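Trainee: Sequence first, then the predicted structure, then my questions.
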Amino acid sequence: MKQYLDLLRDIKDNWIGKDDRTWTWVRGIFGMQAKYNLDDGFPLVTTKKTFLRIIIVELIWLIRWETNIKYLVDRKCHIWDEWPFQNWLDNAWEAEKVEMYSEAWMELKKEFIGKIKEWDATDPWVQKWWDLWPVYGHQWRNFNSEWVDQIKNAIEQIKTNPTNRRIIVSAWNPAQIEDMLLPPCHAFFQFNVDTTNNKLNVQLYQRSADMFLGVPFNIASYSTLLMLIAEITGLKYGTFTHTLWDAHIYNNHVDQVEEQLQNKPFPLPELKINKEIKTLEDIEELEWADFELVNYQSHKSIKAPVAV
(Lines give C-alpha, C1' and ligand atoms only; values in the text may rest on other atoms or scores of the structure.)
Protein backbone atom coordinates (compact mmCIF):
# COMPACT_ATOMS: atom_id res chain seq x y z
CA MET A 1 0.00 0.00 0.00
CA LYS A 2 2.93 2.32 -0.68
CA GLN A 3 0.75 4.41 -3.01
CA TYR A 4 -1.72 5.31 -0.25
CA LEU A 5 1.01 5.98 2.30
CA ASP A 6 2.82 8.23 -0.18
CA LEU A 7 -0.34 10.33 -0.50
CA LEU A 8 -0.55 10.67 3.29
CA ARG A 9 3.09 11.75 3.47
CA ASP A 10 2.62 14.25 0.65
CA ILE A 11 -0.28 15.89 2.48
CA LYS A 12 1.60 15.81 5.79
CA ASP A 13 4.57 17.60 4.23
CA ASN A 14 2.89 19.95 1.71
CA TRP A 15 -0.58 20.66 3.05
CA ILE A 16 -2.67 23.78 2.74
CA GLY A 17 -5.04 24.38 5.66
CA LYS A 18 -8.63 25.56 5.50
CA ASP A 19 -11.91 25.42 7.37
CA ASP A 20 -14.71 23.10 6.27
CA ARG A 21 -18.43 22.55 6.73
CA THR A 22 -17.86 20.37 9.83
CA TRP A 23 -15.80 23.12 11.54
CA THR A 24 -13.14 20.53 12.27
CA TRP A 25 -10.62 22.19 9.89
CA VAL A 26 -8.50 20.20 7.48
CA ARG A 27 -5.11 20.18 5.82
CA GLY A 28 -5.02 18.92 2.26
CA ILE A 29 -3.96 18.99 -1.37
CA PHE A 30 -6.22 19.43 -4.38
CA GLY A 31 -5.66 16.86 -7.13
CA MET A 32 -3.98 13.52 -6.30
CA GLN A 33 -3.97 10.05 -7.83
CA ALA A 34 -2.90 6.50 -7.04
CA LYS A 35 -3.10 3.23 -8.98
CA TYR A 36 -3.61 -0.24 -7.49
CA ASN A 37 -2.92 -3.21 -9.76
CA LEU A 38 -4.89 -6.17 -8.43
CA ASP A 39 -2.23 -8.52 -9.79
CA ASP A 40 -0.11 -7.30 -6.85
CA GLY A 41 -2.69 -8.42 -4.30
CA PHE A 42 -5.87 -7.01 -2.84
CA PRO A 43 -5.23 -3.37 -1.79
CA LEU A 44 -6.38 -3.49 1.83
CA VAL A 45 -4.43 -1.15 4.11
CA THR A 46 -2.13 -3.04 6.48
CA THR A 47 -0.55 -0.18 8.46
CA LYS A 48 -3.71 -0.19 10.58
CA LYS A 49 -6.39 -2.86 10.87
CA THR A 50 -9.00 -2.28 8.17
CA PHE A 51 -12.30 -4.11 8.57
CA LEU A 52 -13.16 -5.54 5.16
CA ARG A 53 -16.40 -7.12 6.37
CA ILE A 54 -18.16 -3.79 6.87
CA ILE A 55 -16.74 -2.46 3.59
CA ILE A 56 -18.23 -5.34 1.62
CA VAL A 57 -21.54 -5.21 3.48
CA GLU A 58 -21.80 -1.53 2.54
CA LEU A 59 -20.86 -2.22 -1.10
CA ILE A 60 -23.59 -4.86 -1.50
CA TRP A 61 -26.02 -2.41 0.15
CA LEU A 62 -25.09 0.16 -2.49
CA ILE A 63 -25.45 -2.30 -5.36
CA ARG A 64 -28.86 -3.34 -4.01
CA TRP A 65 -29.79 0.39 -4.29
CA GLU A 66 -30.81 0.54 -0.69
CA THR A 67 -30.82 3.89 1.10
CA ASN A 68 -32.23 2.89 4.49
CA ILE A 69 -29.45 1.75 6.79
CA LYS A 70 -31.45 -0.92 8.60
CA TYR A 71 -29.89 -3.39 6.14
CA LEU A 72 -26.46 -2.29 7.42
CA VAL A 73 -27.35 -2.23 11.11
CA ASP A 74 -28.87 -5.71 10.88
CA ARG A 75 -25.47 -6.88 9.62
CA LYS A 76 -23.52 -5.01 12.33
CA CYS A 77 -22.24 -2.37 9.93
CA HIS A 78 -22.39 1.06 11.57
CA ILE A 79 -20.42 3.35 9.27
CA TRP A 80 -23.52 5.36 8.31
CA ASP A 81 -25.11 5.63 11.78
CA GLU A 82 -24.11 9.22 12.53
CA TRP A 83 -25.87 10.91 9.61
CA PRO A 84 -29.45 9.73 10.16
CA PHE A 85 -28.99 9.99 13.92
CA GLN A 86 -27.83 13.59 13.71
CA ASN A 87 -30.64 14.34 11.26
CA TRP A 88 -33.13 12.98 13.81
CA LEU A 89 -31.56 15.08 16.56
CA ASP A 90 -31.69 18.21 14.44
CA ASN A 91 -35.25 17.72 13.23
CA ALA A 92 -37.18 15.61 15.73
CA TRP A 93 -35.41 15.79 19.09
CA GLU A 94 -37.40 18.23 21.20
CA ALA A 95 -35.03 18.53 24.15
CA GLU A 96 -32.09 20.92 24.39
CA LYS A 97 -29.22 20.67 21.92
CA VAL A 98 -26.83 17.78 22.59
CA GLU A 99 -23.14 18.31 21.91
CA MET A 100 -21.83 15.93 19.26
CA TYR A 101 -19.76 13.03 20.68
CA SER A 102 -20.62 13.98 24.27
CA GLU A 103 -21.61 11.21 26.69
CA ALA A 104 -25.27 12.17 26.31
CA TRP A 105 -24.96 12.14 22.51
CA MET A 106 -23.39 8.69 22.53
CA GLU A 107 -26.10 7.34 24.85
CA LEU A 108 -28.86 8.73 22.64
CA LYS A 109 -27.25 7.22 19.57
CA LYS A 110 -27.09 3.84 21.29
CA GLU A 111 -30.83 4.02 21.99
CA PHE A 112 -31.49 5.13 18.42
CA ILE A 113 -29.56 2.18 17.00
CA GLY A 114 -31.31 -0.18 19.41
CA LYS A 115 -34.69 0.83 18.02
CA ILE A 116 -33.80 -0.03 14.44
CA LYS A 117 -32.39 -3.41 15.47
CA GLU A 118 -35.72 -4.29 17.02
CA TRP A 119 -38.20 -2.65 14.65
CA ASP A 120 -39.38 -3.85 11.27
CA ALA A 121 -38.02 -2.18 8.13
CA THR A 122 -41.56 -1.26 7.07
CA ASP A 123 -42.19 0.74 10.24
CA PRO A 124 -42.85 4.43 9.35
CA TRP A 125 -40.37 5.62 12.00
CA VAL A 126 -37.60 3.45 10.56
CA GLN A 127 -38.44 4.49 7.01
CA LYS A 128 -38.38 8.18 7.90
CA TRP A 129 -35.44 8.55 10.25
CA TRP A 130 -33.09 5.80 9.06
CA ASP A 131 -33.15 6.73 5.41
CA LEU A 132 -30.37 8.71 3.72
CA TRP A 133 -32.67 9.53 0.80
CA PRO A 134 -31.40 9.40 -2.82
CA VAL A 135 -27.71 8.76 -2.09
CA TYR A 136 -25.20 6.53 -3.87
CA GLY A 137 -27.06 3.29 -4.55
CA HIS A 138 -30.23 5.13 -5.52
CA GLN A 139 -28.37 7.11 -8.17
CA TRP A 140 -26.44 4.03 -9.37
CA ARG A 141 -29.60 2.03 -9.99
CA ASN A 142 -32.42 4.62 -10.25
CA PHE A 143 -30.76 7.84 -11.36
CA ASN A 144 -32.84 10.94 -10.60
CA SER A 145 -35.67 8.60 -9.54
CA GLU A 146 -36.32 7.97 -13.25
CA TRP A 147 -35.42 4.25 -13.34
CA VAL A 148 -32.10 4.74 -15.12
CA ASP A 149 -30.08 1.71 -13.98
CA GLN A 150 -26.50 2.85 -14.56
CA ILE A 151 -24.91 -0.32 -13.17
CA LYS A 152 -26.98 -2.54 -15.44
CA ASN A 153 -26.22 -0.30 -18.42
CA ALA A 154 -22.48 -0.36 -17.64
CA ILE A 155 -22.43 -4.15 -17.49
CA GLU A 156 -24.21 -4.32 -20.84
CA GLN A 157 -21.70 -1.93 -22.42
CA ILE A 158 -18.74 -3.87 -21.01
CA LYS A 159 -20.12 -7.02 -22.59
CA THR A 160 -21.24 -5.63 -25.97
CA ASN A 161 -19.17 -2.49 -26.56
CA PRO A 162 -15.98 -2.86 -24.49
CA THR A 163 -14.04 -0.06 -26.24
CA ASN A 164 -16.72 2.48 -25.29
CA ARG A 165 -15.25 5.47 -23.44
CA ARG A 166 -18.61 6.36 -21.89
CA ILE A 167 -19.03 3.50 -19.42
CA ILE A 168 -19.65 5.82 -16.49
CA VAL A 169 -21.73 5.53 -13.33
CA SER A 170 -22.51 8.82 -11.59
CA ALA A 171 -23.67 9.28 -8.01
CA TRP A 172 -23.44 13.05 -8.42
CA ASN A 173 -26.86 14.35 -9.40
CA PRO A 174 -27.32 18.13 -8.91
CA ALA A 175 -31.10 17.75 -9.21
CA GLN A 176 -31.26 15.72 -6.00
CA ILE A 177 -28.22 16.89 -4.00
CA GLU A 178 -30.38 18.88 -1.58
CA ASP A 179 -32.47 15.78 -0.87
CA MET A 180 -29.46 13.73 0.31
CA LEU A 181 -28.26 13.61 3.92
CA LEU A 182 -24.72 13.58 2.54
CA PRO A 183 -23.83 14.52 -1.05
CA PRO A 184 -21.66 11.77 -2.57
CA CYS A 185 -17.95 12.00 -1.85
CA HIS A 186 -17.07 9.31 -4.39
CA ALA A 187 -18.85 11.16 -7.17
CA PHE A 188 -18.59 8.90 -10.22
CA PHE A 189 -16.58 6.03 -11.65
CA GLN A 190 -15.63 4.87 -15.12
CA PHE A 191 -14.97 1.38 -16.44
CA ASN A 192 -12.33 0.57 -19.03
CA VAL A 193 -11.80 -2.75 -20.78
CA ASP A 194 -8.24 -3.62 -21.75
CA THR A 195 -9.20 -5.70 -24.79
CA THR A 196 -5.58 -6.73 -25.41
CA ASN A 197 -5.18 -8.42 -22.03
CA ASN A 198 -8.88 -9.14 -21.37
CA LYS A 199 -8.82 -7.09 -18.16
CA LEU A 200 -11.33 -4.78 -16.52
CA ASN A 201 -10.13 -1.49 -15.04
CA VAL A 202 -12.05 1.11 -13.07
CA GLN A 203 -11.28 4.69 -12.15
CA LEU A 204 -13.02 6.45 -9.27
CA TYR A 205 -13.32 10.25 -9.28
CA GLN A 206 -13.65 11.29 -5.64
CA ARG A 207 -14.57 14.92 -4.98
CA SER A 208 -13.82 14.80 -1.24
CA ALA A 209 -11.43 12.35 0.37
CA ASP A 210 -11.05 11.81 4.12
CA MET A 211 -7.60 10.31 3.82
CA PHE A 212 -7.37 8.61 7.21
CA LEU A 213 -10.85 7.17 7.77
CA GLY A 214 -12.59 7.11 4.41
CA VAL A 215 -9.99 6.47 1.71
CA PRO A 216 -8.83 3.00 2.91
CA PHE A 217 -12.50 1.97 2.73
CA ASN A 218 -12.92 3.50 -0.74
CA ILE A 219 -9.84 1.70 -2.09
CA ALA A 220 -11.06 -1.68 -0.86
CA SER A 221 -14.67 -1.06 -1.87
CA TYR A 222 -14.00 -0.11 -5.48
CA SER A 223 -11.39 -2.83 -5.87
CA THR A 224 -14.06 -5.30 -4.76
CA LEU A 225 -16.56 -3.72 -7.17
CA LEU A 226 -14.02 -4.20 -9.98
CA MET A 227 -13.72 -7.87 -9.07
CA LEU A 228 -17.48 -8.42 -8.95
CA ILE A 229 -18.16 -6.79 -12.31
CA ALA A 230 -15.18 -8.61 -13.86
CA GLU A 231 -16.59 -11.93 -12.63
CA ILE A 232 -19.98 -11.47 -14.32
CA THR A 233 -18.51 -10.07 -17.54
CA GLY A 234 -15.87 -12.78 -17.99
CA LEU A 235 -12.85 -10.49 -17.58
CA LYS A 236 -9.69 -10.65 -15.50
CA TYR A 237 -8.96 -8.20 -12.70
CA GLY A 238 -7.10 -5.11 -13.82
CA THR A 239 -6.20 -1.83 -12.11
CA PHE A 240 -8.14 0.43 -9.78
CA THR A 241 -7.20 4.06 -10.35
CA HIS A 242 -8.13 6.44 -7.55
CA THR A 243 -8.39 10.12 -8.53
CA LEU A 244 -8.90 12.42 -5.55
CA TRP A 245 -9.87 16.04 -6.00
CA ASP A 246 -9.91 17.42 -2.43
CA ALA A 247 -7.70 15.05 -0.45
CA HIS A 248 -7.48 16.05 3.18
CA ILE A 249 -6.54 15.05 6.71
CA TYR A 250 -8.78 16.38 9.47
CA ASN A 251 -6.91 18.25 12.19
CA ASN A 252 -8.19 15.78 14.77
CA HIS A 253 -6.69 12.91 12.74
CA VAL A 254 -3.12 14.24 12.58
CA ASP A 255 -1.76 12.20 15.50
CA GLN A 256 -3.38 9.06 14.11
CA VAL A 257 -1.78 9.63 10.70
CA GLU A 258 1.61 10.11 12.35
CA GLU A 259 1.16 6.81 14.19
CA GLN A 260 0.10 5.00 11.03
CA LEU A 261 3.05 6.28 9.00
CA GLN A 262 5.44 4.81 11.55
CA ASN A 263 4.06 1.31 10.88
CA LYS A 264 5.77 -0.85 8.28
CA PRO A 265 3.37 -2.32 5.68
CA PHE A 266 2.76 -6.06 5.49
CA PRO A 267 2.42 -7.95 2.17
CA LEU A 268 -0.98 -7.53 0.54
CA PRO A 269 -3.62 -10.21 1.13
CA GLU A 270 -5.80 -12.03 -1.39
CA LEU A 271 -9.57 -11.69 -1.63
CA LYS A 272 -11.57 -14.66 -2.89
CA ILE A 273 -15.21 -14.78 -3.96
CA ASN A 274 -16.36 -18.26 -2.94
CA LYS A 275 -19.78 -18.16 -4.55
CA GLU A 276 -20.36 -18.41 -8.29
CA ILE A 277 -21.82 -15.19 -9.64
CA LYS A 278 -23.01 -14.73 -13.21
CA THR A 279 -25.51 -11.88 -13.03
CA LEU A 280 -26.14 -8.59 -11.29
CA GLU A 281 -28.89 -10.29 -9.31
CA ASP A 282 -26.31 -12.80 -8.03
CA ILE A 283 -24.21 -9.91 -6.72
CA GLU A 284 -27.23 -8.42 -4.94
CA GLU A 285 -27.66 -11.63 -2.95
CA LEU A 286 -24.06 -11.87 -1.74
CA GLU A 287 -23.23 -11.79 1.95
CA TRP A 288 -19.92 -11.37 3.73
CA ALA A 289 -19.77 -15.16 4.26
CA ASP A 290 -19.38 -15.55 0.47
CA PHE A 291 -15.97 -13.84 0.58
CA GLU A 292 -12.67 -15.03 1.98
CA LEU A 293 -9.77 -12.76 2.92
CA VAL A 294 -6.55 -14.75 2.78
CA ASN A 295 -3.24 -13.91 4.51
CA TYR A 296 -4.24 -10.52 5.87
CA GLN A 297 -1.71 -9.20 8.37
CA SER A 298 -2.03 -5.74 9.83
CA HIS A 299 -1.07 -3.48 12.66
CA LYS A 300 -3.70 -2.73 15.31
CA SER A 301 -6.69 -0.52 14.58
CA ILE A 302 -6.29 3.23 15.08
CA LYS A 303 -9.47 5.02 16.08
CA ALA A 304 -10.49 8.56 15.11
CA PRO A 305 -13.76 10.54 15.19
CA VAL A 306 -15.80 10.85 12.00
CA ALA A 307 -16.72 14.37 10.87
CA VAL A 308 -20.48 14.60 10.28
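Mentor: Great, that's in hand.

Trainee: okay, CA-based contacts and neighbour counts for the rest of this
Mentor: OK.

Trainee: okay, now the domains of the chain?
Mentor: 2-67+150-294, 69-131 (automatic domain parsing).

Trainee: which stretches of this structure have low pLDDT?
Mentor: 21-23, 308 (pLDDT under 70).

Trainee: rewinding a little: out of the domains of the chain, flag the one nearest W140.
Mentor: domain 2-67+150-294 (5.3 Å; CA to CA).

Trainee: That closest one spans what distance, first to last residue?
Mentor: 20 Å (CA to CA, to the nearest Å).

Trainee: any idea how far the residue nearest the centre of the chain is from L204?
Mentor: For the chain, the residue sitting closest to the mean C-alpha position, by CA atoms, centre = their mean, is N218 at 4.5 Å. Distance of N218 to L204, computed by CA to CA: 9 Å.

Trainee: can you check N68 too?
Mentor: In terms of CA to CA, N68 sits 24 Å off from L204.

Trainee: now do P124
Mentor: For P124, the distance to L204 - CA to CA - is 35 Å.

Trainee: Please identify which of those two sits among more neighbours.
Mentor: More neighbours surround L204 than the other of P124 and L204, with 22 against 11 (other CA atoms under 10 Å).

Trainee: Quick check, the more buried one in contact with T241.
Mentor: Yes - assessed by CA atoms under 8 Å, L204 is found in contact with T241 at 6.4 Å.

Trainee: got a list of what the residue nearest to L44 when sequence neighbours are not counted touches?
Mentor: Excluding the flanking residues, the one nearest L44 by CA to CA, 6 or more residues apart in numbering is A220, at 5.7 Å. Residues in contact with A220 (CA atoms under 8 Å, 6 or more residues apart in numbering) are F42, P43, L44, L52, I55.

Trainee: Save those residues as a markdown table, and put in secondary structure too.
Mentor: As requested, the contacts of A220 are exported to a markdown table (DSSP: H, G, I helix; E, B strand; the rest coil):
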| residue | secondary structure |
| --- | --- |
| F42 | coil |
| P43 | coil |
| L44 | coil |
| L52 | helix |
| I55 | helix |
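
Trainee: elements contacting the helix or strand hosting K35?
Mentor: Per DSSP states H and E: K35 is located in strand 26-37. Contacts defined by 3 or more CA pairs under 8 Å, 6 or more residues apart in numbering; DSSP states H and E place strand 26-37 against helix 2-14, strand 16-18, strand 236-250.

Trainee: Show me where the chain has its strands.
Mentor: 16-18, 26-37, 168-170, 186-194, 199-210, 236-250, 270-273, 291-294 (DSSP state E).

Trainee: With distance to Q157 added, can I get those strands in a markdown table?
Mentor: Converted to a markdown table, those look like this (distance: least, CA to CA, whole Å):
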| stretch | distance to Q157 |
| --- | --- |
| strand 16-18 | 41 |
| strand 26-37 | 23 |
| strand 168-170 | 10 |
| strand 186-194 | 10 |
| strand 199-210 | 12 |
| strand 236-250 | 16 |
| strand 270-273 | 23 |
| strand 291-294 | 27 |
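
Trainee: Figure out which of those is closest to W129.
Mentor: Comparing the strands of the chain by CA to CA, strand 186-194 comes nearest, at 23.5 Å.

Trainee: Longest helix of this protein, counting residues only.
Mentor: Across the chain, the helix with the greatest residue count (assigned by DSSP state H) is helix 214-233.

Trainee: which of the residues in it are buried?
Mentor: 215-233 (16 or more other CA atoms under 10 Å).

Trainee: Please apply the same query to stretch 116-127.
Mentor: Under 16+ other CA under 10 Å, the buried positions of stretch 116-127 are I116, K117, A121, V126, Q127.

Trainee: do stretch 159-176 as well
Mentor: So stretch 159-176, judged by 16+ other CA under 10 Å, has buried residues P162, I167, I168, V169, S170, A171, W172, N173, Q176.
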